[in-house]
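*Asks:* Need coordinates for the below:
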Amino acid sequence: MKWSNSIRKWSRIIHRDLSFFFAGMVLIYAISGIVMNHRDTINPNFSITRKEYKIAENLPDKAGMNKEKVLTLLEPLGETANYTKHYFPQADVMKVFLKGGSNLLVNVKTGTAVYESVTRRPLIGAMSRLHYNPGQWWTCFADIFAVGLIIITLSGIIMLKGNKGIIGRGGIELIAGILIPIFFLFFF
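*Replies:* Numbering: from 1, shown residues only. Next up, the predicted model:
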């Protein structure tokens, strides 16, 4: 009897300490995992905003549009320093490329413009990047984290005894937690 109590005692200690140690990683993976699950509605790396407006002045056509004129169009947006190049994908439509991925699309005939601002999501983007394994150093830490999760799981399974443990409610929850992913693997 003393032997099983000793194992449970050490399971609690290991479970508690590893849980505290890896809590940050669990939160990072959980939050970025939620965002990555909804990539069709949330871009985890970039925030993209669109602004549509009308340019009041008359604009030159393709032949008359030069860099200086494009820079005057970028002034109200605060993007003159980010100009990289411009071109006309259609006769009356000019696209201006800006550093960082932002762009401006202008119909020179009608004066309608669409400014698309692309900015990095610093926190969520960095968290999501960890899911893509950014390097060898991360592979080592992620492997240690995975082993830690296995140990946390196994110590949690043997920590409780009786009706709340593996032979009672805990066992039923364990089986359900195994069957649900298996069900989704085979049927979805």
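
*Asks:* Let me see the domain layout of the protein.
*Replies:* According to automatic domain parsing, the chain is divided into the following domains: 2-43+122-187, 46-120.

*Asks:* can I get these in TSV with mean neighbour count?
*Replies:* To be clear about C-beta, it is placed using only N, CA and C from the backbone, and glycine gets the same treatment. What follows is the domains of the chain, written out as TSV (neighbours: other Cβ atoms under 10 Å):
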stretch	mean neighbour count
domain 2-43+122-187	13
domain 46-120	14
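
*Asks:* so who does the residue nearest to I55 when sequence neighbours are not counted touch?
*Replies:* Take I55 and drop its neighbours on the chain: the residue closest to it by Cβ to Cβ, 6 or more residues apart in numbering is G111, 4.3 Å away. G111 sits next to K54, I55, A56, E57, N58, L59 when contact means Cβ atoms under 8 Å, 6 or more residues apart in numbering.

*Asks:* try 10 Å this time
*Replies:* Contacts of G111 were listed using Cβ atoms under 10 Å, 6 or more residues apart in numbering, and they are Y53, K54, I55, A56, E57, N58, L59.

*Asks:* Understood, closing this out.
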